[in-house]
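Asks: only the shape, not the letters, is given here:
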């Protein structure tokens, strides 16, 4: 009632004052809480606004400040209590936004951003941020732009509404407002905004204000990332950026130049040749000038300044290329004294040094002149940088990367590897990990230099950190060669004994490969592999067993030694299944040597036939034996029936017992072996005689299965025929994956006796999606009788014509420095056979290793791919790889081919597919 009466009295007083047209002031007496409420009224104004404002102020108190909100939230003891506080405050903020409260909008948005950083939803404040950006107050703009960067992104169309505000603020008279607009555009500007505002950014990039130039440079980086075609717009402005003395501008300028060079090869070539203005070199006290009419004159500084001024007047400002300018800046940084403004742990502006080194690495890559210009400064940085602080280590690491990536001198590369070697002795695990990773990348190109740090690398195998341990293991295998294989294998075998289970599989595989490549003797090779199987047999690859069996078979003089060692290894221990499988196979093959005690390599042991059978029967009944292992043991027992004389009846009894085994595989073997004893006993000695020496299959990657393009056979390629029984079935998938097919079941053909081959493929058409055949797929292809093996009829006469006149060669592939040329020959004996010789050359500066060439043709053809001459393509076109392809084209159709290339280059695996459709008509007509 008191408030109503007071308001009514004020209204009457206002009416009288309004009639007199004079300004007035109404003072309200205390209405609540002892506080006085003042309302300023002016004659002629709307009466309803003051009254509503008074009522609103009495109804809604002022929102709490951000500091008070943070303090309140921190007092919450539980997550639920914190959520309750946040929900209550969000409700108050929403109410304030609905009331269009301009007074506290900035405060409410600031609190909303704090809640957003805590992880709570704040999307309802997006439009309020735009309102703050449109405000004329700097404090409002600052919170508004901050909110836009946090709450908006280019996926929401709302952000386009502030394009005009940003444009106006980029042209504002206050540099701080311009800086806010540049930061926002560089943080979340979409491609549309960047296109609209790139012109304003380019203008600010040319301004003399250092504060704006550094922000404009970073904003230009964002514009280039979003709209690369606008890169040329900023090219003129970059010419003078490196002359700025402000380190912030220099830093952002280097970032901008780096981005442009990485994005565009044309820009990279331009910057390598571009002349940039630079300051004149400082003069010494005296200089020498070589004049045409005078001898060497010693001139004073005053005359030198006069000569320099005249030169500048005639020729303009001095200019130099970009690389020397960067070298000059970097030299000034490392040679300058203490500068508190840029000093970090005693090093002048390490951030700028790192950025310059990265840009130099890009400019010097594959460029002799640029690399030569930066060799000296890189040596200075590598020798003058302090290594006691982490800041210095960061600069040295960037220096090492730059040295390794450019065409640097050999001495400089050795210096870089020595720096990495010092990193390995650092107590910081991160630095050691970085050093091992970098050495692993460079070991192929600078093998001898890395070998000097072999002992330090091996010591890293004992590190407790698993990441360092894995990198050290990979680098240790890369360092193994014929000279150090014994010592390195000893260290790696010790590591295999003590390492975690997750390392054992990779370590065992690496030891197998290194031993196969660098084994000094067959005995050492066998001992090493047996040591691995004894230590980590359960972790080895599936092909370890057949590979070791093949090695033992081929080492005829080591049979007695090997079977005796294996017999001792499995006595009472059947946990290592691969070892038990190899031992069972060897005992079955060479059990007679074991019993006779003919071993000359070490002291022979006395073993009876019954003891040997006891071991194999123990393997059969052991709970640790897998089904495959039991199959090995049963077959070994059967083979011993032709090698032992006193225990044949016992062997028959064991075999007959397993004829009723619940294991189907074991039961089938036992039934067949029983049939040998009963029905075909006269054939048993011949069937179970000792295995012959196995021929080593040389493979060049995954292409190692012989298959032809017949109606009943799968269309794939050949290197050499695989040995039956040892070829894993899943290896065919690599060949059949030319078109990315993963659901194909390959067929490994055998030599047909009377069944002819056909021209179509029932199971697979590698190139079916190319529609290379003229007839529909469902139409039956004509049958063409062929010899049992592809091109068998070419063995009695020369394979191809001596002169391939009239068939021009073609270039089938030319990309990334790899060039594949095809030359053609025609067979003398079969005109339908075209012999294609491929020649692979490499024009890059590094060798291409593990090169694999694969090819596929339509199913109306038959194709045979012979082994290549090598798997390494030398660099600089210094050598080639040759490989022969034989194509049978009985229908004289146009030849088409799809090729797949895989190789390793510069430490990364490369793979590419290509189609060859430009075969000359003479090659297939």
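Replies: That came in fine, so what should we check first? A quick note: this is a predicted structure, and the numbers were derived from the prediction, not measured.
Asks: isn't there a strand covering residue 900?
Replies: Yes. Secondary structure of residue 900 (DSSP: H, G, I helix; E, B strand; the rest coil): part of a strand.
Asks: so where's the chain uncertain?
Replies: Residue ranges of the chain with pLDDT under 70: 1-61, 275-320, 337-338, 599-603, 696-805.
Asks: quick one, domains of it?
Replies: Per the TED database, the structural domains of the chain span 66-257, 542-691, 810-923.
Asks: can you lay out the ones you listed as CSV showing mean neighbour count and distance to residue 339?
Replies: All C-beta atoms are positioned from the backbone trio N, CA, C, and that covers glycine. Converted to CSV, the domains of the chain look like this (neighbours: other CB atoms under 10 Å; distance: least, CB to CB, whole Å):
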stretch, mean neighbour count, distance to residue 339
domain 66-257, 18, 9
domain 542-691, 18, 62
domain 810-923, 18, 39
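Asks: to residue 374, which of these lies closest?
Replies: domain 66-257 (14.2 Å; CB to CB).
Asks: now do the end-to-end distance for the closest one.
Replies: 41 Å (CA to CA, to the nearest Å).
Asks: same question, stretch 549-558
Replies: 12 Å.
Asks: grab the nearest non-local neighbour of residue 450.
Replies: Counting by CB to CB, 6 or more residues apart in numbering, residue 450 lies nearest to residue 443, which is 4.8 Å off, once chain neighbours are set aside.
Asks: how about the one you found, what does it touch?
Replies: For residue 443, the contact set (CB atoms under 8 Å, 6 or more residues apart in numbering) comprises 450, 475, 478-479.
Asks: hmm, back to that, now render the domains of the chain as TSV, adding distance to residue 415.
Replies: Below are these laid out as TSV (distance: least, CB to CB, whole Å):
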stretch	distance to residue 415
domain 66-257	24
domain 542-691	42
domain 810-923	20
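Asks: I'd like to know which of those lies nearest to residue 530.
Replies: Per CB to CB, nearest to residue 530 of these: domain 542-691, 6.2 Å.
Asks: tell me how far the closest one is from the chain's mean position?
Replies: Relative to its chain's centre, domain 542-691 lies at 47 Å (CA atoms, centre = their mean, to the nearest Å).
Asks: ok, residue 254 touching residue 355?
Replies: Yes. At 4.4 Å, residue 254 counts as touching residue 355 under the criterion of CB atoms under 8 Å.
Asks: after the strand or helix carrying residue 450, which helix or strand is next? Please name it.
Replies: For residue 450, the host element (DSSP states H and E) is helix 447-451. Helices and strands here follow DSSP H and E; after helix 447-451, the next one along the chain is helix 454-459.
Asks: got the buried residues for the very next helix or strand once past that next one?
Replies: Counting by DSSP H and E, the next helix or strand C-terminal to helix 454-459 is helix 466-479. Of the residues in helix 466-479, 468-479 count as buried by neighbour count, 16 or more other CB atoms under 10 Å.
Asks: mind listing the helices for the stretch 151-300 of the chain?
Replies: Secondary structure of the stretch 151-300 of the chain by DSSP state H, counting those that start in this stretch: the helices cover 163-170, 175-188, 191-205, 210-226, 247-263, 265-273.
Asks: of these, which approaches residue 499 most closely?
Replies: helix 247-263 (39.7 Å).
Asks: contacts for that closest one, please.
Replies: With contacts defined as CB under 8 Å, 6+ apart, helix 247-263 is touched by 210, 213-215, 217-218, 220-221, 224-225, 228, 231, 234-235, 238, 241-242, 244, 267-268, 271, 322, 326, 329, 341-342, 349, 351-352, 355-356, 358-359, 362-363.
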